[in-house]
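Q: with the input below, show me the fold.
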Amino acid sequence: MTNYSPDEAVPSAASNKAPLWKRLLPIILGLVIVVVLFGWVLPQFIDYDAVFRAIGNIEWWQWLILIVIAVIKFLPEGWLYMAAQPGLSMGQGTQLFLVAETLGNVPPGGLDLVSRYQMARSWGYPPSSSTSATIASWVFTSLSKLVLPIVAVAFLAIRRVREDDLDLLALVAFALVIGGAIVLYAVLRSPNLAARVGDFLGGAVRRVSGIFRKEVETDFRALILEFRVQSADVLRTRTHIGFAAGTTARVLAFLVLLLAVRFVGIGSDQMDWTIAFAAFSAVTAITVIPIFNAPGISEAILIAAFNAAAGGGAADQVAAAVFVFRILTWLLPIPFGGIAFTRWRDKVRAAGRTELLDAFDEPDSAAESA
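A: Residues are numbered from 1 along each chain as shown. Below is the predicted model:
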């Protein structure tokens with residue numbers, strides 16, 4: 001494994017430490033959004049008693065099928081991490097996914113990056129390798145999400161079904177994929193092209209921020225050049241692997257949601273699978289924008305999209321299916337991630353490398369020792 005200098009920067013929970021109120025503000029705002037959506041907005045359209053009855057009617061063997069598929073989904077997620085950080089085993093990649101997912105979702109959150117860096121360090125990877133892996137995994141995941149509407153339109157065309165709204169979204173997604181591929185190619189091809197992309201991006205951001213009278217001091221040229229140095233090899237040689245892994249994970253997530261829809265009583269005569277996939281792909285694509293991937297918001301959008309796909313008269317059943325889907329894709333990884341983190345922490349302590357845990361327990365000293 002690559003050797004690295006101990007002077008390389010390692011993120012910690014104290015990196016860029018903000019005042020307590022700033023760290024608590026995102027959590028409070030997230031809770032407010034969830035309370036407003038689930039306590040006021042959704043009850044205007046769904047009956048929670050009917051929702052919980054629909055969930056209660058799911059048979060044990062149906063739950064078993066859903067859980068098995070949700071657990072299988074861990075594997076392509078780990079595969080994506082393997083593609084982003086060459087040299088990882090499937091076990092290590094899956095462990096990274098589960099721990100990062102858990103520490104990123106469980107309050108106070110924000111420890112997902114810390115866990116990725118520290119776990120990778122324990123396996124001999126330098127912090128710079130984890131930085132490039134973080135960038136690459138984001139690119140792989142975003143590409144797999146944006147391609148879904150294009151695939152959905154192809155399925156609908158084969159079935160001779162027209163969805164004008166999805167056609168427009170697929171066109172936008174296609175433009176983003178092609179545009180992103182061109183920009184990525186330019187950045188990876190030469191430093192001069194990368195510098196031009198950085199200058200263009202910096203100018204665009206400054207023009208937009210000027211409308212809101214905000215001053216942006218980021219040197220985008222330096223940022224893009226650093227991105228090129230850190231991530232070029234991985235993106236040039238492993239994008240196809242990461243894209244395949246990300247797409248497989250999204251397809252398995254759709255399968256969980258589709259089966260949940262069927263198990264709560266919505267048959268194919270009410271919602272064809274191609275229409276369901278179209279709705280899922282549309283929602284998945286827009287979650288590339290972080291605000292739409294926030295807790296509560298993505299669930300509300302899924303319920304609205306799938307209710308429309310079912311003809312508008314199955315809001316309670318759709319909500320039940322979405323709740324089951326979230327339990328299996330958001331909540332289920334948490335206990336697995338907790339177990340994976342505990343086992344890794346115990347191995348680190350047994351090996352006498354407790355400095356790797358400082359970023360979790362004593363972030364200030366960890367930042368100094370790194």
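
Q: residue 279 and residue 38, how far apart?
A: Using Cβ to Cβ, to the nearest Å, residue 279 is found at 20 Å from residue 38. Yep, even glycine has a C-beta here, placed from its N, CA and C like the rest.

Q: the more surrounded of those two?
A: residue 279 (26 against 18; other Cβ atoms under 10 Å).

Q: may I ask which helix or strand encompasses the more buried one?
A: Here residue 279 is covered by helix 273-286, with elements defined by DSSP states H and E.

Q: run through the neighbouring helices and strands of the next helix or strand after that helix.
A: Under the assignment DSSP H and E, the closest C-terminal helix or strand after helix 273-286 is helix 297-309. Using 3 or more Cβ pairs under 8 Å, 6 or more residues apart in numbering; DSSP states H and E as the contact criterion, the elements in contact with helix 297-309 are helix 273-286, helix 315-326.

Q: what's helix 297-309 in contact with?
A: By Cβ atoms under 8 Å, 6 or more residues apart in numbering, the residues outside helix 297-309 that reach it are 33, 37, 41-42, 45-46, 257, 261, 271, 275-276, 278-280, 282-283, 286-287, 291-292, 314-315, 318-319, 321-323, 325-326.

Q: again, only this time at 7 Å
A: Helix 297-309 has contacts (Cβ atoms under 7 Å, 6 or more residues apart in numbering) with 33, 37, 41-42, 261, 271, 275-276, 279, 282-283, 287, 291-292, 314-315, 318-319, 322, 326.

Q: what angle sits between that helix and helix 315-326?
A: Relative orientation of helix 297-309 and helix 315-326, computed by axes from the mean of the first three to the mean of the last three Cα atoms, to 10 degrees: 140 degrees.

Q: I figured residue 242 hits residue 142, correct?
A: No. Assessed by Cβ atoms under 7 Å, residue 242 is found out of contact with residue 142, at 10.4 Å.

Q: ok, the two, which is more surrounded?
A: The neighbour comparison of residue 242 against residue 142 (other Cβ under 10 Å) goes to residue 242, with 24 against 18.

Q: residue contacts, that one?
A: Applying Cβ under 7 Å, 6+ apart, we find residue 242 in contact with 80, 83, 84, 136, 140.

Q: secondary structure added to the residues you listed, as a markdown table?
A: A markdown table is the format used below for the contacts of residue 242 (DSSP: H, G, I helix; E, B strand; the rest coil):
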| residue | secondary structure |
| --- | --- |
| 80 | helix |
| 83 | helix |
| 84 | helix |
| 136 | helix |
| 140 | helix |
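
Q: ranking those by neighbours, who comes first?
A: Counting neighbours by other Cβ under 10 Å, residue 84 comes out on top of the contacts of residue 242 with 31 neighbours.

Q: what's the average pLDDT for the longest helix that the chain contains?
A: When the chain is parsed with DSSP state H, its longest helix is helix 220-263. Averaging pLDDT along helix 220-263 yields 86.

Q: over to stretch 286-302?
A: On average, stretch 286-302 scores 80.

Q: for that stretch, how far is the first residue from the last?
A: Using Cα to Cα, to the nearest Å, the end-to-end distance of stretch 286-302 comes out at 11 Å.

Q: list the buried residues in it.
A: Neighbour counts over stretch 286-302 (16 or more other Cβ atoms under 10 Å) mark 286, 287, 288, 294, 296, 297, 298, 299, 300, 301, 302 as buried.

Q: export those residues as TSV, with columns for distance to residue 64.
A: Shown next, in TSV, are these (distance: Cβ to Cβ, whole Å):
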residue	distance to residue 64
286	32
287	28
288	32
294	31
296	28
297	30
298	26
299	24
300	28
301	29
302	23
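
Q: nearest to residue 202, of those?
A: Using Cβ to Cβ, residue 288 comes nearest to residue 202 of those, at 21.7 Å.

Q: okay but the closest one is in contact with residue 143, surely?
A: No. Contact criterion Cβ under 7 Å: residue 288 and residue 143 do not qualify, at 9.5 Å.

Q: so how far is residue 340 from the residue nearest the centre of the chain?
A: Note on the chain: the residue nearest the mean C-alpha position is residue 141, at 6.8 Å, using Cα atoms, centre = their mean. For residue 141, the distance to residue 340 equals 20 Å [Cβ to Cβ].

Q: for residue 249, same thing?
A: Noted for residue 249: a distance of 17 Å to residue 340, by Cβ to Cβ.

Q: same question for residue 102.
A: According to Cβ to Cβ, residue 102 stands 8 Å off from residue 340.

Q: then residue 180?
A: Distance from residue 180 to residue 340, counting by Cβ to Cβ: 32 Å.

Q: which one of the two is surrounded by more residues?
A: Neighbour count, other Cβ under 10 Å: between residue 180 and residue 340, residue 340 has more, with 23 against 14.

Q: would you indicate which residues of the host helix or strand of the more buried one are buried?
A: For residue 340, the enclosing helix or strand under DSSP H and E is helix 333-350. Neighbour counts over helix 333-350 (16+ other Cβ under 10 Å) mark 333, 336, 337, 340, 341, 344, 345, 348 as buried.
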